[in-house]
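*Asks:* predicted structure and sequence below. I'll ask about it afterward.
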Amino acid sequence: MDQNALKALVGQEAVKYVEDGMILGIGTGSTVRYMIDALGERVAKEGLHIVGVATSDRSAKQAESLGITIKQLDQVDHIDLTIDGADEIDDNFQGIKGGGAAHLWEKIVAINSTKNMWIVDESKLVHHLGKFPLPLEVIPFGSTHVLEKLDGMGLHPEFRMTEDGHHVLTDSKNYIIDLHLGRIDHPHELANTLNGIVGVVEHGLFLDLVNTVIVGRQDGPEVLNARD
Ligand SMILES: O=C[C@H](O)[C@H](O)[C@H](O)COP(=O)(O)O
């Protein structure tokens, strides 16, 4: 199976956990795309009644096109389960997200969810976080100074740009700075440091958040339980 087949596999596996009547957090990314397709199929075939809260405009659009009801986070009083992708997951179930510039909304949805499930192909499992550049969502105003500050701290920052040379914009119209760290030995310390930088709205370290990970392996999906 190639990587896309593994992504499709975990997407299809994840929707088995969706129950009638649930309020479901819907993540973002190429793996979640498959999950939304599979969810749309269940809604169409089984008449499954769910309400989705999307973590990006693109996920909302795809879900709605498949007949899935989407509400804004502030229109619901809780989320039962959120299914999302991840860029890296380490041995302690800590993660990096934001490769698709959606980590701010994803984190807000995640912390308001009773349970969080991540779906990944096996290439996303690592022993240490940091090979994948750590995304920061930053306010455009003064962002060059934020970049310089991060550079001075030795965090190897780089603005994320489009192919035609513009800043990548998040759904909240902010910029992304990626930190090329190579290896993150102390994710909680780094998260605290980044939380203290004015102008950084949110970083892509998702710590102590996930309950269940479904990993797409060549011999089938593997379910890993991180915490209850
Ligand atoms: O901003 C994007 C999200 O955090 C994604 O969930 C993450 O980047 C994984 O995406 P993909 O499934 O495309 O690798």
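*Replies:* Done, it's in.
*Asks:* now do the buried residues in the helix or strand containing Ser59.
*Replies:* For Ser59, the element it lies in under DSSP states H and E is helix 57-65. Residues of helix 57-65 classed as buried under the neighbour-count rule (16 or more other C-beta atoms under 10 Å) are Arg58, Ser59, Ala60, Gln62, Ala63. For glycine as for every other residue, the C-beta is placed from the backbone atoms N, C-alpha and C.
*Asks:* do you know how far the nearest residue to Asn112 once chain neighbours are set aside is from the ligand?
*Replies:* Of all residues beyond its chain neighbours, the one nearest Asn112 is Ile79 (5.6 Å), with distances taken as C-beta to C-beta, 6 or more residues apart in numbering. Shown here: Ile79 relative to the ligand, a distance of 16 Å by C-beta to the nearest ligand atom, to the nearest Å.
*Asks:* so how many other residues sit close to Ile79?
*Replies:* Per other C-beta atoms under 10 Å, the neighbour tally for Ile79 reads 23.
*Asks:* mind exporting the C-alpha coordinates of the helix holding Ser59 to PDB?
*Replies:* The C-alpha trace of helix 57-65 is given here as PDB (Å, rounded to 0.1, in the frame of the first residue of the first chain):
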ATOM      1  CA  ASP A  57     -12.900  26.300   5.900                       C
ATOM      2  CA  ARG A  58     -11.800  23.600   3.500                       C
ATOM      3  CA  SER A  59     -12.900  20.700   5.700                       C
ATOM      4  CA  ALA A  60     -16.300  22.500   6.300                       C
ATOM      5  CA  LYS A  61     -16.800  22.900   2.600                       C
ATOM      6  CA  GLN A  62     -16.000  19.200   1.800                       C
ATOM      7  CA  ALA A  63     -18.200  18.000   4.600                       C
ATOM      8  CA  GLU A  64     -21.100  20.200   3.600                       C
ATOM      9  CA  SER A  65     -20.800  19.000   0.000                       C
END
